[in-house]
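> Got a sequence here, can you build the structure:
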Amino acid sequence: MTHYDLLLIGTGSGNSLPGPEFADQTIALVEKGVFGGTCLNVGCIPTKMFTYTAEVAGTPATAARYGVDETLNGVDWPAIRDRIFGRIDPIAQGGEEYRTSHPDNENLTVYRGVGRFTGPKTLVVETGNGEEEITADRVVIAAGSRPIIPDVEGLAEARPQTSDSIMRLEELPASLIILGSGYIAAEMAHIFSSLGTEVALVARSERMLRHHDREIGETYTRLASEHYTVELGLAATKVTRDETGAVTLEGTQGGAEKTIVADDILVAVGRVSNADQLGVTQAGIGTREDGRVSVDEYQRVLDPSGAVLDGVWALGDVSSQYQLKHVANKELKTVRHNLLHPDQMIATDHRFVPSAVFGHPQIATVGLTEEEAREAGYDVVIGRQEYADIAYGWAMEDTTGYAKIIAEKGTTKILGAHIIGPQAPTLIQILIQAMSTGQTADDIAATQYWIHPGMPELVENALLQITG
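Below you'll find the model as predicted:
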């Protein structure tokens, strides 16, 4: 048994915690997979590099509207894949080498293997050399999440692709079934359809992105259906893969049987916390109904009764309802501060968590949907501005995108904002800032210059509809 001052589990956002401030402490860092976590290796960074490539590949399809004659002569999947992971893999490798061999980390020991709690602040790690038991005064759990494989007959046996594997395929499939309709499914459908794959997206619900504002979700579903097949209200009941590798999905849709056949299948129905793989209950750690580690606003881990476990912290997907890198990074800063300043702890501000979908079109959202605002009892006013009605929208010939801002009538307090269209994740940032600093629509609509003609006029004009 080896004892440390600090035990850190996971090298995603958690890998950024050890720094000069902890140089006088002994640290154990446990990682079972690739250094860098989900975002760097199989999540937000490679997917956005792929979606940008998809945008480039999709440009010729709309070039004629500008009087430009363009053609897509073909795509080189291995070249696309290798450009992306040729950038990412060395970063992951470099991160591990830094932690294992750099003089800055002489106080840190890396354990490569699967760790499971056997008691409070006690972890057994299965390494290539057997089992090693680690104890620590303080523990930080940042072990992330993994793709969900739903309980559909034959699905697991059919060896489906997930977001962990789909981007490293040897060949671009001619056809692909995507099971799921959330943001991962939407982005992957955009990527593969733009590169020439025949995509069939299977959604149990009646629209894609059902957790978004209803109008936004309905708009996206309609536009997506123009680029690939979207099967709504289809419940998968069985999946098989034959000796040639082809996949058959069977299900029911509107009371009728439905069958889809493709070269491969991607399961993108969501992700689940890795807490269960750590045996957290053995350490007296409480969990939520969905399996996440229970934490309070200070990122302190709670026991099953809701009491604080002294010296145990958690951050990121393993504990957060927001499976987003920027949230994990924010929670990391909270944990670092509270470890260093236990008498002056800070809470993580989760009031205005934004998110984006890098599909086609792009979506960005923050705060309440229109439905949530009305259900909460607000007297709402909606500012809605089309891209097609601003000058830069004319330049882009965008006829489908819009910004939708929900505010409280009278006070003009911004309750939520939703943008669907080009550069939505960039355009929404001023509204995130306003909500986070307490500025109202009145405060920001007319008190500053808005460059003309520029895309931010989309936001300006939506705000002006609220302020009158």
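
> what residue is smack in the middle of the protein?
By C-alpha atoms, centre = their mean, the chain has its centre lying nearest to residue 324, at 4.5 Å.

> Which parts of the stretch 201-350 of the chain are helices?
214-224, 325-340 (DSSP state H, counting those that start in this stretch).

> May I see those organised as TSV, with distance to residue 381, mean pLDDT and mean neighbour count added?
All C-beta spots, glycine's among them, are computed from the backbone N, C-alpha and C. Below are those laid out as TSV (distance: least, C-beta to C-beta, whole Å; pLDDT from 0 to 100; neighbours: other C-beta atoms under 10 Å):
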stretch	distance to residue 381	mean pLDDT	mean neighbour count
helix 214-224	15	98	20
helix 325-340	29	98	19
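
> Save these as CSV, and put in distance to residue 349 too.
Shown next, in CSV, are the helices of the stretch 201-350 of the chain (distance: least, C-beta to C-beta, whole Å):
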stretch, distance to residue 349
helix 214-224, 24
helix 325-340, 8
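
> To residue 97, which of those helices lies closest?
Comparing the helices of the stretch 201-350 of the chain against residue 97 with C-beta to C-beta, the closest turns out to be helix 325-340 (21.5 Å).

> So what touches the closest one?
When contacts are defined by C-beta atoms under 8 Å, 6 or more residues apart in numbering, helix 325-340 is touched by residues 6, 12-14, 16-17, 19, 21, 39, 43-44, 138, 140, 142, 298-300, 313, 315-317, 319-320, 345-350, 353-354.

> Can I have the buried ones of those residues as a ChimeraX selection?
Buried members of the contacts of helix 325-340, defined by 16 or more other C-beta atoms under 10 Å, are picked up in ChimeraX with:
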select :6,12,13,14,17,39,43,44,138,140,142,298,299,300,313,315,316,317,319,320,348,353,354
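
> before we move on, back to that, show me the one of the helices of the stretch 201-350 of the chain that comes nearest residue 436.
Residue 436 lies closest to helix 325-340 among the helices of the stretch 201-350 of the chain, at 11.4 Å (C-beta to C-beta).

> right, and the helix or strand after the closest one?
strand 355-357 (DSSP states H and E).

> Who does that next one pair with, and is each partner parallel or antiparallel?
Paired strands of strand 355-357, with direction, are strand 363-367 (antiparallel) (DSSP bridges).

> got the buried residues for the helix or strand following the strand it pairs with?
Going down the chain from strand 363-367, the next helix or strand is helix 370-375, by DSSP H and E. The neighbour-count check on helix 370-375 (16+ other C-beta under 10 Å) flags 370, 373 as buried.

> what lines up beside whichever helix or strand comes after helix 370-375 in the sheet?
Remark: after helix 370-375, the chain's next helix or strand is strand 380-386, criterion DSSP H and E. Sheet pairing here is set by DSSP bridges, and for strand 380-386 it gives strand 402-408 (antiparallel).

> Can you check what angle separates the partner strand from helix 214-224?
In terms of direction (axes from the mean of the first three to the mean of the last three C-alpha atoms, to 10 degrees), strand 402-408 departs from helix 214-224 by 170 degrees.

> which neighbours does the helix or strand just after strand 402-408 have in its sheet, and in what orientation?
Sequence-wise, the next helix or strand downstream of strand 402-408 (DSSP H and E) is strand 414-420. Sheet neighbours of strand 414-420, with direction, are listed as strand 363-367 (antiparallel), strand 402-408 (antiparallel) (DSSP bridges).

> what does strand 414-420 contact?
Contacts for strand 414-420 (C-beta under 8 Å, 6+ apart): 212-213, 215-216, 219-220, 361-370, 372-373, 378, 380, 400-408, 427-428, 431-432, 434-435, 439-441, 458-459.

> Write a PyMOL command that selects only the buried members of those residues.
This is the PyMOL syntax for the buried subset of the contacts of strand 414-420, where burial follows 16+ other C-beta under 10 Å:
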select buried, resi 212+213+215+216+219+220+361+362+363+364+365+366+367+368+369+370+373+378+380+401+402+403+404+405+406+407+408+427+428+431+432+434+435+439+440+441+458+459
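
> Which helix runs longest in this structure?
helix 77-101 (DSSP state H).

> what does that helix contact?
Contacting residues not belonging to helix 77-101 are listed as 11, 15, 18, 29, 31, 34-36, 40-41, 45-46, 49-50, 53, 104-105, 108, 110, 167-172, 195 [C-beta under 8 Å, 6+ apart].

> Show the subsequent helix or strand relative to it.
Taking DSSP H and E, what comes next after helix 77-101 is strand 108-112.

> how does the protein divide up, domain by domain?
2-146+272-340, 156-269, 361-467 (automatic domain parsing).

> Endpoints of the first one, how far apart?
This points to domain 2-146+272-340. Criterion C-alpha to C-alpha, to the nearest Å; first-to-last residue distance in domain 2-146+272-340 is 23 Å.

> and that domain, how far from the chain's centre?
In terms of C-alpha atoms, centre = their mean, to the nearest Å, the centre of domain 2-146+272-340 is found 13 Å from the chain centre.

> Among the contacts of helix 325-340, name the ones in strands.
Among these, the residues falling in strands (DSSP state E) are 6, 138, 140, 300, 313.

> just the residues you listed now: which is nearest residue 69?
The closest of these to residue 69 turns out to be residue 140 (C-beta to C-beta; 56.6 Å).

> just to revisit the earlier point, could I have the buried ones of the contacts of helix 77-101 as ChimeraX selection syntax?
To isolate the buried ones among the contacts of helix 77-101 in ChimeraX, judged by 16+ other C-beta under 10 Å, type:
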select :11,15,18,29,31,34,35,36,40,41,45,46,49,50,53,105,108,110,167,169,172,195
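
> Around residue 135, count how many other residues there are.
A count of nearby residues for residue 135, using other C-beta atoms under 10 Å, gives 17.

> Not counting its own residues, what contacts stretch 447-458?
385, 387, 390-393, 395, 402-403, 419, 421-423, 427, 430, 460.
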